[in-house]
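A.B. asks: After the sequence you'll find the predicted model.
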Amino acid sequence: KKKKKNVVLSMSAFLAEPCAPDSWQAHSDKISLPMSLFSTLESQFSSGSPLYMSVSNRKGKTGGKRLAASVLDFNSPEEKVIIPPWMMQFLELAPGHFVFLQQNPEVPPKADFVALRPKDPQFFALADHRAVLETALRPYASITKGSVIRVQHGQQSFEMEVSELEPETCCSMFETDVEVDVQPPLDGDGQMLPLPSPVDKKKTAETKELVCGASELEGTATHSSPCFFNLSTSPGVPISITLTAKDGDLEVYAANSGQGYPTRLLHSHTNNRGDYDRHAEIDIARVDNTGLLRITVLPFECASCTFAIQATQPQHSSELSTSSSAADTTATGAAPPGQKRCENCGQWVPEVRLGLHTAYCERNNVRCDVCGKTVRRQDLEAHWHCPECPFVASSEHARKKHVMLFHTPLQCECAVPVLLRDVPGHARVCPARIILCRYCGNRMQAGDLAKDHRDRLNGLTQHESDCGGRTQPCDNCSQFVRMKDMAVHMQLHRLEPDKPRKPTNVYTAKALTDEERDARWARVLPQSFGMDYAATSAAAAAASAAASAAPTTEAVPQAFPPAPVAVPQPPVLCCNDLCCSSVRNLDSRFCSGCAQVLGLQEEKSDLVLRALIKKYHEQMTQGCGDAACENPHCKSSSACQFPGIPASEAVKKALDLARLYASQKVCFVCLTPEAAAQRGAVLQLVDMGFDKPWCVLAMERFGSAQSAAAWLLTQHF
């Protein structure tokens, strides 16, 4: 007879209650159980593994809908279970309805493949929807085929159907590498819906290079094909950009290189001088450290606009102040010889022509009572002062354009109305802005600020606060520290330099007798370096006798380099398995040469993994070009394990090797010619019977294999 499975918790009924929609639990598979179940399920707890439950809307194995879930805590009220809203919606439950739970000791198999189908085609319009999925699936410890989960991205929410799942209908997502596929959405008839693609402005129009101080460039901008310009200059210098529309009207925006190509809702500079009527001027006091500006030109209320653009560097500030002071002296100082000032327009005119000029000026010109400027009488109606800012328009078109652009609120993606002049400041705090998470490396919308006050003071978003809450072992003390606290933790290590570090590769020196050392010398050195052991031993004995007979103040010639008084400690070796060098400092895992090959300025975990993945992929697809390379993961090596591997497969292998480094701190990076030469000498010393760390120390100290071997033989290891 077949034995029944040991069911710890049989099918039990509880009242379903949804969790808070804005909580972390709402976007996961976690459920909260009452404390009365703790003693029942206590025997099923395993260290580091979640507790899986089966949630159903009907009792029994037939009928109804069933989902896999994991237990978050035991803090729900008695006889109630708190579950995510998406789970209640899928199970067709309302608050207060009965939900049935069952737990089996068998852990679901780990998922190998998951296919998700979004119900909204706008999900594909996200800049990086795969990174969004990677972040959204992280809180899920289990997943069920046919379920509809909810993915939150900033202020947007998308429903995703689990259309395919392997190897079973219910699988575990805990600590597993799963392949995720995003399938196109379908309508009610099963037909594929059209997919919107993210706007790639680099492809919709050609980007032109704008040179500061060069002649004007002409371009034509349309709504479907704006004009983009890259302006490269020295960091910290002022720049002035002038545009003149020859046909139609324009609007222009500029931004630093890190912000992408600017738009109305994403820019740092726009027109700040002139009336903006078929003409625009942008004055930038200082270019940022990248030295690259990106400029976008759009047509304004017309199908297309032909324009000319020029970038210049303004005069030095001292020259500007000199010229401006000279102009002020002319305007307010004494009258030039033979000239008088017109009381209507304020210009200096020859005294003999003052009467004729005054009659003409008073008949055709009038002085504005607000700004004091002289305006032609026929243009007085178009002369307009903005009541909300210092802008002055000289035409009806300029007035309408100014009101539409600068005083009509724009609707941001975060549903906050923003004026154009407030866009640069709002872009730094907008919840819908795209950021690069400093802990997981994914690009996503920033979302709300962190709820924790300390994280908010550190400039973290809520996602970064949750993502940085994960722990990782410290390289110095091997303690598990939260990622967002690692910088402070490492600072404590720097303040305590005397605290010993726990190296990952510890070698123990062996003590040799004089007979063993002499036997090693006689066996290896004569064949390795062509040395006469008898003559060398006699020279050593003579040197020893002379040292004992001579006064202590005189220097005694020695046959070998002198041994240090204090026995040095063995060095910590580079984590590169092919390298034979010591680490550059106690806080590092790489030597200087390997760190330079990988391009590492600092050894943060995410930066090291990215550099290794890139280097592994380059080695397996292109190689290092050295035919004598001994790296089994390099295309140029005769011992390559993956010759002719496709680029897609190389990515998977690179990820596997990066995970090996994350778990065991071992990598395989091709060596430079200098490092390869030192590796050969160190391995030659290792063949003589010495420990590898001491061989590395000797080679780095003396530089030649012969001197290193002689020094090693004088040490009492």
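C.D. replies: Received it, and whenever you're ready, just let me know what you need.
A.B. asks: hey, let's count contacts and neighbours off CA atoms from now on
C.D. replies: Fine.
A.B. asks: you'd agree residue 450 is up against residue 460?
C.D. replies: Yes - using Cα atoms under 8 Å, residue 450 is in contact with residue 460, at 6.0 Å.
A.B. asks: Between the two, point out the one with more neighbours.
C.D. replies: Applying other Cα atoms under 10 Å to residue 450 and residue 460 shows that residue 460 carries more neighbours, namely 23 against 19.
A.B. asks: Who are the contact partners of that one?
C.D. replies: Shown in contact with residue 460 (Cα atoms under 8 Å, 6 or more residues apart in numbering): 449-450.
A.B. asks: Give me the pLDDT for it.
C.D. replies: For residue 460, the pLDDT comes out at 87.
A.B. asks: Over to residue 579?
C.D. replies: 90.
A.B. asks: quick one, phi/psi of it?
C.D. replies: The phi and psi torsions at residue 579 (degrees, to the nearest 10) take the values phi -90, psi 150.
A.B. asks: That one against residue 679, yeah?
C.D. replies: Yes - contact criterion Cα under 8 Å: residue 579 and residue 679 qualify, at 6.5 Å.
A.B. asks: okay, those two: which has more neighbours?
C.D. replies: residue 579 (25 against 19).
A.B. asks: neighbours around the closest residue to residue 358 other than its chain neighbours, how many?
C.D. replies: Among residues not flanking residue 358 along the chain, residue 342 sits closest, at 6.5 Å (Cα to Cα, 6 or more residues apart in numbering). Other residues near residue 342 number 18, with proximity taken as other Cα under 10 Å.
A.B. asks: Can you give me the end-to-end span of stretch 136-143?
C.D. replies: Terminal residues of stretch 136-143 are spaced 13 Å apart (Cα to Cα, to the nearest Å).
A.B. asks: And for stretch 629-640?
C.D. replies: End residues of stretch 629-640 are separated by 9 Å (Cα to Cα).
A.B. asks: what's next to it, contact-wise?
C.D. replies: Stretch 629-640 has contacts (Cα under 8 Å, 6+ apart) with 578, 616, 619-628, 641-644, 668-671.
A.B. asks: Sort out which of these are in helices and list them.
C.D. replies: Within these, residues falling in helices by DSSP state H are 616, 619-621.
A.B. asks: Name the member of those residues with the most neighbours.
C.D. replies: residue 620 (28 neighbours).
A.B. asks: contacting residues for that one?
C.D. replies: Taking Cα under 8 Å, 6+ apart, one finds 633-635, 642-643, 645, 650 in contact with residue 620.
A.B. asks: how many neighbours does residue 306 have?
C.D. replies: 17.
A.B. asks: For residue 396, see how far away it is.
C.D. replies: With Cα to Cα as the criterion, residue 306 and residue 396 are 21 Å apart.
A.B. asks: and stretch 176-183, how far from the chain's centre?
C.D. replies: 22 Å (Cα atoms, centre = their mean, to the nearest Å).
A.B. asks: before we move on, what about stretch 119-137?
C.D. replies: Distance, stretch centre to chain centre, for stretch 119-137: 18 Å (Cα atoms, centre = their mean).
A.B. asks: In it, which residues are buried?
C.D. replies: Residues of stretch 119-137 classed as buried by neighbour count (16 or more other Cα atoms under 10 Å): 119-121, 123-124, 126-127, 129-130, 132-133, 135-137.
A.B. asks: any idea of the mean pLDDT in it?
C.D. replies: 75.
A.B. asks: And that stretch, end to end?
C.D. replies: 17 Å.
A.B. asks: what residue ranges in the stretch 501-650 of the chain score low on pLDDT?
C.D. replies: 501-568 (pLDDT under 70).
A.B. asks: quick one, helices of it?
C.D. replies: 514-529, 533-549, 592-598, 605-621, 647-664 (DSSP state H, counting those that start in this stretch).
A.B. asks: nearest to residue 382, of the contacts of residue 620?
C.D. replies: Within those, the smallest distance to residue 382 is 67.1 Å, found for residue 650 (Cα to Cα).
A.B. asks: so that closest one makes contact with residue 619?
C.D. replies: No - between residue 650 and residue 619 there is no contact, the gap being 9.3 Å when judged by Cα under 8 Å.
A.B. asks: any residues in contact with both of the two?
C.D. replies: Common neighbours of residue 650 and residue 619, using Cα under 8 Å, 6+ apart, do not exist here.
A.B. asks: what about the closest residue to residue 628 other than its chain neighbours, neighbour count?
C.D. replies: Nearest in space to residue 628, with sequence neighbours left out and distances taken as Cα to Cα, 6+ apart, is residue 637 at 6.6 Å. Look at residue 637: counted by other Cα under 10 Å, it has 22 neighbours.
A.B. asks: For residue 637, give its distance to residue 245.
C.D. replies: Where residue 245 is concerned, residue 637 sits at a distance of 60 Å (Cα to Cα).
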